[in-house]
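Engineer: next come a sequence and a model predicted from it.
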Amino acid sequence: MLRLRGSRLVVGALALVASLAARTDVHTGGQPPDAARAAAPALRLLVVTGGHDYPTSFYTLFEGWPDWSWSHAVSSVEAFAKPIVSRFDVLVLYDFSQKLGEEGKGHLRAFAEAGKGIVVLHHALCDYQDWPWFEELVGGRYLASDQGDWKASTYRHDVELLVKPSGSHPIVDPVGPLQLVDETYKGMRISPKVTPLLEIDHPDGDRYVAWVSPYGPSRVVAVQLGHDEHAHRSVAYRELVRRAILWSAWR
Ligand SMILES: [Zn+2]
């Protein structure tokens, strides 16, 4: 069952028009004017988990913010059982899913094609190994097994990391460098067309640990970091996820 957490505000048609009118470039571009942002209705997040353990500290990433409410689906099958385009503004994936029926895939795809926000966190980079469209959406993939010339990706827990912005971007500018103990992934297949956001220099991890996907219709942000409490309780990581969500929704 979908569980609604937090409150919802009535959608203000004028604010919506203002925020739509303020849209500029999909992947690098500007933000709506402050006035439009302040008047915008609260975002409706759909957070999807399932298929992989995680500590409940994960939930604290979403709690306590007045400018969004969040619903939690405990599996991708549940999340995409019905159309979600009109019910949610941002999809946050923290699931570890391989199977999804054609109808569910259609609902996820319709959400992406409607220009909604999508944030893909950590082990969700491993989702749907047999669905090429999902890799296109994300701009990369953790390979669970060898795929043609690509060797399976690898991971390592509890790595001490210095994470640096790859350049200036509204998501990382307020965050700055992060010091984090987290899991690394190595050997991911990352599209050369992504806009890198954050990077590390560590032998056990790929260089890029966060990026904006080149996927066209919507703003899709991928963040490899976020295995456990170390990340979830990090002020900088929390700010990173929040900025990714807001930016993906044109806020
Ligand atoms: Zn993990």
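Structural biologist: Happy to help now that I have it. Because the structure is predicted, anything quoted here is derived from the model rather than measured.
Engineer: what are the ranges of the helices in the stretch 1-150 of the chain?
Structural biologist: In the stretch 1-150 of the chain, helices defined by DSSP state H, counting those that start in this stretch lie at 13-21, 34-39, 76-79, 102-113, 132-138, listed in chain order.
Engineer: in terms of mean pLDDT, which of these ranks lowest?
Structural biologist: Mean pLDDT across these is lowest at helix 13-21; the value there is a mean of 38.
Engineer: residues contacting the closest residue to Asp173 other than its chain neighbours?
Structural biologist: Nearest residue to Asp173 in three dimensions, chain neighbours excluded: Pro165, at 7.5 Å (CB to CB, 6 or more residues apart in numbering). Any C-beta I mention is one placed from the backbone N, CA and C, and that applies to glycine too. With contact set as CB atoms under 8 Å, 6 or more residues apart in numbering, Pro165 has these partners: Val172, Asp173, Val175, Gly176, Pro177, Leu197, Leu198, Glu199.
Engineer: buried ones among these?
Structural biologist: Taking 16 or more other CB atoms under 10 Å as the criterion, what is buried in the contacts of Pro165 is Val172, Val175, Leu197, Leu198, Glu199.
Engineer: right, and the fourth one touches Gly176 too?
Structural biologist: No: between Leu198 and Gly176 there is no contact, the gap being 10.3 Å when judged by CB atoms under 8 Å.
Engineer: least trustworthy helix or strand in the protein by mean pLDDT?
Structural biologist: Least confident helix or strand, the chain: helix 13-21 with a mean of 38, by mean pLDDT, DSSP states H and E.
Engineer: which residue does the stretch 101-250 of the chain bring closest to the ion?
Structural biologist: When distances are taken as CB to the ion, the stretch 101-250 of the chain reaches nearest to the ion at His227, 3.6 Å away.
Engineer: doesn't that residue lie inside a helix?
Structural biologist: No: counting by DSSP: H, G, I helix; E, B strand; the rest coil, His227 is not found in a helix; it is coil.
Engineer: in the chain, spot the strand with the most residues.
Structural biologist: For the chain, the strand with the greatest residue count under DSSP state E is strand 154-165.
Engineer: looking at it now, give me its mean pLDDT.
Structural biologist: Mean predicted confidence for strand 154-165 is 98.
Engineer: just the C-alpha atoms of stretch 79-99, please, in PDB.
Structural biologist: What follows is stretch 79-99, C-alpha atoms only, in PDB (Å, rounded to 0.1, in the frame of the first residue of the first chain):
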ATOM      1  CA  ALA A  79       4.700   2.000  -7.000                       C
ATOM      2  CA  PHE A  80       3.800   1.500 -10.600                       C
ATOM      3  CA  ALA A  81       0.600  -0.500 -10.300                       C
ATOM      4  CA  LYS A  82      -1.400   2.700 -11.400                       C
ATOM      5  CA  PRO A  83      -0.500   5.700 -13.400                       C
ATOM      6  CA  ILE A  84       1.500   8.200 -11.300                       C
ATOM      7  CA  VAL A  85       1.800  11.200 -13.600                       C
ATOM      8  CA  SER A  86      -1.000  13.200 -12.000                       C
ATOM      9  CA  ARG A  87      -0.300  12.100  -8.400                       C
ATOM     10  CA  PHE A  88       3.400  12.800  -8.000                       C
ATOM     11  CA  ASP A  89       6.000  15.400  -9.000                       C
ATOM     12  CA  VAL A  90       9.200  13.600  -8.200                       C
ATOM     13  CA  LEU A  91      10.100   9.900  -8.100                       C
ATOM     14  CA  VAL A  92      12.900   8.900  -5.700                       C
ATOM     15  CA  LEU A  93      14.200   5.400  -6.500                       C
ATOM     16  CA  TYR A  94      16.000   3.500  -3.700                       C
ATOM     17  CA  ASP A  95      14.800   0.100  -4.700                       C
ATOM     18  CA  PHE A  96      16.600  -2.900  -6.100                       C
ATOM     19  CA  SER A  97      14.100  -4.200  -8.600                       C
ATOM     20  CA  GLN A  98      14.500  -6.500 -11.600                       C
ATOM     21  CA  LYS A  99      11.000  -7.500 -12.500                       C
END
